[in-house]
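> generate a structure from the sequence data that follows.
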Amino acid sequence: MGNLQKTSWQALEVDKMNDKISRQMISGENGTLARILLARGAVVGRHHHLSEQYTWIVSGALRFTFDDREIVVNTGEVLYIPSNVPHAAVALEDTVDIDFFAPRREDWIRKEDSYLRG
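Model prediction:
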């Protein structure tokens, strides 16, 4: 069955990326689950990653910018971003975002995520 792990968001470390973004995450062998808190106006710089990304907006709204379009994701909506698709985002209001990535985010685990820490 592998190593079962039970935790809560309250128990996970809060990583303050910058003045407007903080993140909590947990990773298994093949995926990463993260809760990201973004203040209105927070900017996630353009980047891409090997992982597929599933973004669920628990509350608030994010505007994602892709090479060919912009997509606003509102409370209760989910956005799927395929592997290696460049994207950026801005928080249109205070936002709670749950992201799932597969494979897991090795760059985040190693804290090599300067596009969030600026």
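
> what bridges to the residue most central in space within the chain?
Centroid check for the chain by C-alpha atoms, centre = their mean gives D99 as the closest residue, at 4.6 Å. Taking DSSP bridges as the rule, D99 bridges to A34, T55.

> and the gap between it and N3?
Computed with C-beta to C-beta, to the nearest Å, the distance linking D99 and N3 is 22 Å. Any C-beta I mention is one placed from the backbone N, CA and C, and that applies to glycine too.

> buried stuff in stretch 11-22?
Buried positions in stretch 11-22, judged by neighbour count with 16 or more other C-beta atoms under 10 Å: 15, 17, 20-22.

> same check, this time on stretch 99-117
The neighbour-count check on stretch 99-117 (16+ other C-beta under 10 Å) flags 99-102, 104-105, 107-108, 113, 116 as buried.

> with stretch 72-91 instead?
73, 79, 81, 87, 89-91.

> and those residues, which two are the farthest apart?
Spatially, the most separated pair among the buried residues of stretch 72-91 is I81 and A91, at 16.6 Å (C-beta to C-beta).

> how about the helices in this protein?
106-109, 114-117 (DSSP state H).

> dump these to TSV, plus distance to E29 and mean pLDDT.
Converted to TSV, those look like this (distance: least, C-beta to C-beta, whole Å; pLDDT from 0 to 100):
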stretch	distance to E29	mean pLDDT
helix 106-109	12	93
helix 114-117	23	87
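
> can you tell which of the ones you listed is closest to E52?
With C-beta to C-beta as the criterion, E52 lies closest to helix 106-109 of the helices of the chain, at 14.2 Å.

> quick one: contacts for the residue nearest to L50 when sequence neighbours are not counted?
In space, and not counting its chain neighbours, L50 is closest to S83: 5.7 Å by C-beta to C-beta, 6 or more residues apart in numbering. Listed by C-beta atoms under 8 Å, 6 or more residues apart in numbering, the contact partners of S83 are 49-52.

> can you redo the helices of the chain as CSV with distance to D67?
As requested, these are exported to CSV (distance: least, C-beta to C-beta, whole Å):
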stretch, distance to D67
helix 106-109, 21
helix 114-117, 16
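
> for those helices, which one sits closest to A42?
Checking the helices of the chain against A42 by C-beta to C-beta gives helix 114-117 as the closest, at 9.5 Å.
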